[in-house]
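Visitor: sequence first, predicted coordinates after that:
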Amino acid sequence: MLENLKDKKIILASQSPRRQELLKGLDIDFEIRVKPIDENYPSTLKPEEVPEFLAKLKASAFDGEIAEDEIFITSDTIVIRGNDILEKPKSKEDAIRMISQLSAASHTVITGVCIRSATKEMVFSDNTHVTFMPLTEEEISYYVEKYEPYDKAGAYGVQEWIGYVGIERLEGSYYNVMGLPLHLVYKALKSF
């Protein structure tokens with residue numbers, strides 16, 4: 001479908017199995033290339049600015065190494081509850097605390113994306129509002145024990161058990177909550 005990219009190599013700079021699965025869904029051939037970076041951001045940034053900042057930071061790790069025929073895709077997803085950013089949990093207790101904060105409440109999931117070639121860059125983000133039903137301590141503990149959501153912002157995966165039983169309403173892109181707003185990625189690649 002993306003004729004404009006037929007002579008290009010798409011590189012997904014992410015180890016996330018969810019992002020890899022999502023990008024495969026666009027029927028695009030891609031390879032994975034990852035560099036470790038410190039995901040630190042200035043405390044002066046507003047929470048909603050953090051995902052785009054981190055997506056650009058991840059892309060900048062490849063500065064000077066992007067070949068003429070390569071297009072890199074980097075992204076970062078955060079969960080915002082009130083004015084707090086809920087990042088990846090550091091422990092079982094941290095995961096339980098985060099999900100308890102999300103129970104019977106709404107939050108916003110923002111994914112920032114950076115698409116970069118040797119000569120061009122596009123940066124954008126998408127917001128999805130998610131509302132959880134009330135969850136019991138037993139349900140939260142069961143999920144954390146069984147699914148170990150330590151690699152997920154906000155300590156949950158929408159595509160897992162907790163999403164099936166706990167999410168009451170979702171306004172925006174489901175795939176954005178999984179980690180990549182596919183409709184916007186496709187649109188950006190189409191015009192890249």
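Guide: It's in.

Visitor: pull the CA atoms of stretch 118-131 into PDB?
Guide: Presented in PDB, the C-alpha positions along stretch 118-131 are these (Å, rounded to 0.1, in the frame of the first residue of the first chain):
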ATOM      1  CA  ALA A 118      18.500  11.200   7.300                       C
ATOM      2  CA  THR A 119      16.800  14.400   6.100                       C
ATOM      3  CA  LYS A 120      13.300  14.600   7.600                       C
ATOM      4  CA  GLU A 121      11.600  14.200  10.900                       C
ATOM      5  CA  MET A 122       7.900  14.000  11.900                       C
ATOM      6  CA  VAL A 123       6.900  14.000  15.600                       C
ATOM      7  CA  PHE A 124       3.300  13.600  16.800                       C
ATOM      8  CA  SER A 125       1.300  12.000  19.700                       C
ATOM      9  CA  ASP A 126      -2.100  10.600  20.400                       C
ATOM     10  CA  ASN A 127      -4.300  10.700  23.500                       C
ATOM     11  CA  THR A 128      -6.800   8.000  24.600                       C
ATOM     12  CA  HIS A 129      -9.000   8.400  27.700                       C
ATOM     13  CA  VAL A 130      -9.500   5.200  29.600                       C
ATOM     14  CA  THR A 131     -12.000   4.500  32.400                       C
END
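
Visitor: mind listing what's buried along that stretch?
Guide: 122, 123, 124, 125, 126, 127, 128, 130 (16 or more other Cβ atoms under 10 Å). Yep, even glycine has a C-beta here, placed from its N, CA and C like the rest.

Visitor: a markdown table for the residues you listed, including pLDDT, secondary structure and distance to residue 37?
Guide: Output for those, formatted as a markdown table (pLDDT from 0 to 100; DSSP: H, G, I helix; E, B strand; the rest coil; distance: Cβ to Cβ, whole Å):
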| residue | pLDDT | secondary structure | distance to residue 37 |
| --- | --- | --- | --- |
| 122 | 98 | strand | 20 |
| 123 | 98 | strand | 16 |
| 124 | 98 | strand | 20 |
| 125 | 98 | strand | 18 |
| 126 | 98 | strand | 22 |
| 127 | 98 | strand | 24 |
| 128 | 98 | strand | 25 |
| 130 | 98 | strand | 27 |
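
Visitor: and these as a markdown table, adding distance to residue 8?
Guide: Converted to a markdown table, the buried residues of stretch 118-131 look like this (distance: Cβ to Cβ, whole Å):
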| residue | distance to residue 8 |
| --- | --- |
| 122 | 14 |
| 123 | 19 |
| 124 | 19 |
| 125 | 23 |
| 126 | 23 |
| 127 | 29 |
| 128 | 29 |
| 130 | 34 |
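
Visitor: for those residues, which one is nearest residue 83?
Guide: residue 127 (15.2 Å; Cβ to Cβ).

Visitor: any idea what that closest one is bridged to?
Guide: residue 110 (DSSP bridges).

Visitor: and the pLDDT for residue 4?
Guide: Model confidence at residue 4, given as pLDDT, is 83.
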